[in-house]
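In: Take a look and give me a structure for this.
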Amino acid sequence: MTNRSVVVSIHDVSPLTREPVDAILRDLAAIGVPRVSLLVVPDHHHRASIADDPAFSTWLRRMIAAGHEPVLHGYYHQRERRTRESASTRFFTRLYTADEGEFFDIGHAAAIATLTRGRDALAQCAGIVPSGFIAPAWLLSTEAESAARELGFAYTTRLKSVVFLQASRVVESQSLCWSVRSAWRRAASLVWNPLLILRRLQANPLLRISIHPPDITHATIWRQIRCLTTRAIKDRTPLTYLDFVTGWKS
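Out: Residues are numbered from 1 along each chain as shown. As a prediction, the model looks like this:
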């Protein structure tokens, strides 16, 4: 395995986002990224079940044949608000992510059931069983991580690391990620991500670039993503998460 790698992932892939994801993939291919990890939501916000969309299934199988990796990304990508939540919980589930921390505080039994249902739905849609599970917004309870390990998932990721679930190994690498929900978030992202590379990630063997479908609709954000990705692949090998985990183990 190369000593310097970059994993580009696209989050929130579903029938609701297929069009911008297609555009992102075309742009990435044009700058030299041949394959990425596609984080698929089985029933995005209860509005887009992949089980009921044959066209999406056909598209996803075509993407896999082209070398992209399907990854389970929650089930609904949504968490219901609860009464009497702590300030910390409200911050992470409402401000940090807009009610999308589906696995933030899920219990073990519920995690087993949700992961099993999601894995089966994605396997039926994609034609292969996903090796990876990544929680929405990287918010993953200890019980959910244990459930993913118990169900045989090879890896998960958190914001700052890749976790080898079957080998009890953690590779530190904070993901680049852009927030476009407001002007101040976009401005902060444009400043933060280049600084993150400069100060923490330049010498890191693994660089992670996490893209969300709305990113491509904001010209300055997308220009920076393209620029940083183009710069990264000059001395890093583009891999999927499964490529990285498999290569590291071997």
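
In: C-alpha only now, for contacts and for neighbours.
Out: Fine.

In: Provide a list of residues in contact with Ala123.
Out: Contact criterion Cα atoms under 8 Å, 6 or more residues apart in numbering gives 129-130 as the residues in contact with Ala123.

In: That one: which element?
Out: helix 108-126 (DSSP states H and E).

In: Can you name every helix or strand that the next helix or strand after that helix contacts?
Out: Next in sequence after helix 108-126, counting helices and strands by DSSP H and E, comes helix 142-150. Applying 3 or more Cα pairs under 8 Å, 6 or more residues apart in numbering; DSSP states H and E, we find helix 142-150 packed against helix 108-126.

In: now the angle from the helix it packs on to helix 142-150?
Out: For helix 108-126 against helix 142-150, the angle by axes from the mean of the first three to the mean of the last three Cα atoms, to 10 degrees is 50 degrees.

In: what comes up buried for helix 108-126?
Out: Under the neighbour-count criterion of 16 or more other Cα atoms under 10 Å, helix 108-126 has 108, 111-112, 114-116, 118-122, 125-126 buried.

In: ok, these vs Thr156, which is closest?
Out: Leu115 (12.4 Å; Cα to Cα).

In: The closest one and Gly74 touch, don't they?
Out: Yes. Assessed by Cα atoms under 8 Å, Leu115 is found in contact with Gly74 at 7.4 Å.

In: okay if I get the buried residues of helix 108-126 as TSV plus pLDDT and distance to Arg185?
Out: Formatted as TSV, those follow (pLDDT from 0 to 100; distance: Cα to Cα, whole Å):
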residue	pLDDT	distance to Arg185
His108	96	33
Ala111	95	31
Ile112	97	34
Thr114	96	31
Leu115	97	31
Thr116	98	35
Gly118	97	31
Arg119	97	33
Asp120	97	36
Ala121	97	34
Leu122	97	32
Cys125	96	34
Ala126	96	34
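
In: Show me which residues of stretch 7-21 are buried.
Out: Buried residues in stretch 7-21 (16+ other Cα under 10 Å): 7-18, 20-21.

In: how many neighbours does Asp215 have?
Out: When counting by other Cα atoms under 10 Å, one arrives at 21 neighbours for Asp215.

In: and it, how far is that from Arg186?
Out: 10 Å (Cα to Cα, to the nearest Å).

In: which residues do those two both contact?
Out: Joint contacts of Asp215 and Arg186 (Cα under 8 Å, 6+ apart) are 178-180, 221.

In: For the residues you listed, could you give me CSV that also reports secondary structure?
Out: What follows is those, written out as CSV (DSSP: H, G, I helix; E, B strand; the rest coil):
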residue, secondary structure
Trp178, coil
Ser179, coil
Val180, coil
Ile221, helix
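
In: Quick check: of the residues you listed, which has the highest neighbour count?
Out: Within the shared contacts of Asp215 and Arg186, Trp178 tops the neighbour count with 24 neighbours, counted by other Cα under 10 Å.

In: wouldn't it be in contact with Val191 here?
Out: No. Trp178 lies out of contact with Val191 (Cα under 8 Å); the separation is 10.2 Å.

In: Can you give me the neighbour number for the nearest residue to Thr116 once chain neighbours are set aside?
Out: For Thr116, ignoring the flanking residues on the chain, the nearest one in space by Cα to Cα, 6 or more residues apart in numbering is Leu151 at 7.7 Å. Number of residues near Leu151 (other Cα under 10 Å) recorded here: 14.

In: how near is Leu151 to Glu145?
Out: Plainly put, Leu151 is 10 Å away from Glu145 if you go by Cα to Cα.

In: Asn3 now?
Out: Distance of Asn3 to Glu145, computed by Cα to Cα: 28 Å.

In: So between those two, which is more surrounded?
Out: Each of Asn3 and Glu145 has its neighbours counted (other Cα under 10 Å); Glu145 has more, 24 against 11.
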